[in-house]
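**Q** I would like the atomic coordinates for the input below:
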Amino acid sequence: MLFKAQFSIMPMIKNILVCLEGSASSESAARVAVSIARECAASVTGMAIIDEPDIRSGSATGIGGSSFKHDRDESLLAEARKNASDWIALFTRRCQAAQLSSRTLEIVGRPAASILEEMQSHDLTVIGRDANFRFATNEFDARTRDAILHRAPRPVLLVPESSQTNGLSRTVLVAYDGSGAAKRAIHSFAASGLARARDVHLATVDDVGELAWRMANQGVQILREEGVHATLHNIVSPLSNTEALAQLAKTIGAGLMVMGTFSRSRLAELFSGSATRGLVEKTTIPLFMQH
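**A** Residues are numbered from 1 along each chain as shown. Take a look at the predicted model:
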């Protein structure tokens, strides 16, 4: 109980923030979010962002160029507003069809800052892995996603395009390395209610089998204290941590991975910057992530 008091633990999911955007992974994210909302009897908020600051900023223009830039900016803003309106309309129809309590937001501002601010009032934020919230000015936008994963005050569910299901899998893999981020991820996942009626597995990767077993057993005990039974896996593999976890997830048929992100502990290996980025970029299943 003393350990729990050190962290701000997410309560049972009652409200979900869904980041709306036109990519295939955002479409998958919206479907998964609706399924979770139905499972948890939660409300959902669909949020579309118009990145006017980036659209209006840009390189200086020469004499006579300011008029062209103004026209270009207005055209990009009009297109961004139309896209946001279309995404909100689609999300609204989806929620109505699922008979969910929902609302929508159309925010004008910097994408990362806007999402980070709004997610503080939601229990879970669902975002597409390849979402581009700066679509009007950039072909790719990993910067927004990475900023959110580094600074998110609450759990994030990252959904890849390849997630073809309409909901979360019944089999879950928890990646554990003993770091504070990993412990927060475990507590948040258990408290969210998503562990209920699911087959939960917990794994630790280490070069020494005995050390891996000890670490994994610690994680299993933490889950047990939260009322969640988990099957223990201690992985000793010549593969990288990322590849070893992905292989185990495939072997057990996991459709969801729970993990901490960007751990700063020198003892933590799974969630170092490179390992986190590797899992984010390569995952084919949703990631429940806690900073």
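
**Q** Run through the strands of the stretch 51-200 of the chain in chain order.
**A** 102-108, 124-128, 156-159, 171-175, 199-205 (DSSP state E, counting those that start in this stretch).

**Q** List the strands paired with the third one, with their directions.
**A** If you go by DSSP bridges, strand 156-159 pairs up with strand 124-128 (parallel), strand 287-290 (antiparallel).

**Q** what comes up buried for stretch 179-197?
**A** 179-195 (16 or more other C-beta atoms under 10 Å). From N, CA and C alone the C-beta is placed, and that goes for glycine too.

**Q** Once you drop chain neighbours, what's closest to residue 203?
**A** Distances taken as C-beta to C-beta, 6 or more residues apart in numbering place residue 233 nearest to residue 203, at 3.9 Å, with adjacent residues excluded.

**Q** pretty sure the one you found contacts residue 205?
**A** No: if you go by C-beta atoms under 8 Å, residue 233 and residue 205 don't touch, sitting 9.2 Å apart.

**Q** So for those two, which residue has more residues nearby?
**A** Taking other C-beta atoms under 10 Å, residue 233 and residue 205 do not tie; residue 205 has more neighbours (26 against 22).

**Q** Any regions of this structure where pLDDT drops low?
**A** Applying pLDDT under 70 to the chain flags residues 1-11, 58-65, 163-166, 262-274.

**Q** And it, what are its domain boundaries?
**A** Listed by automatic domain parsing, the domain ranges of the chain are 12-159, 171-290.

**Q** Quote the end-to-end distance of the first one.
**A** The one in question is domain 12-159. 20 Å (C-alpha to C-alpha, to the nearest Å).

**Q** for that domain, the distance to its chain's centre please.
**A** Mean-position distance between domain 12-159 and its chain equals 13 Å (C-alpha atoms, centre = their mean, to the nearest Å).

**Q** With distance to residue 222 added, can I get the strands of the stretch 51-200 of the chain in TSV?
**A** What follows is those, written out as TSV (distance: least, C-beta to C-beta, whole Å):
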stretch	distance to residue 222
strand 102-108	34
strand 124-128	20
strand 156-159	20
strand 171-175	10
strand 199-205	9
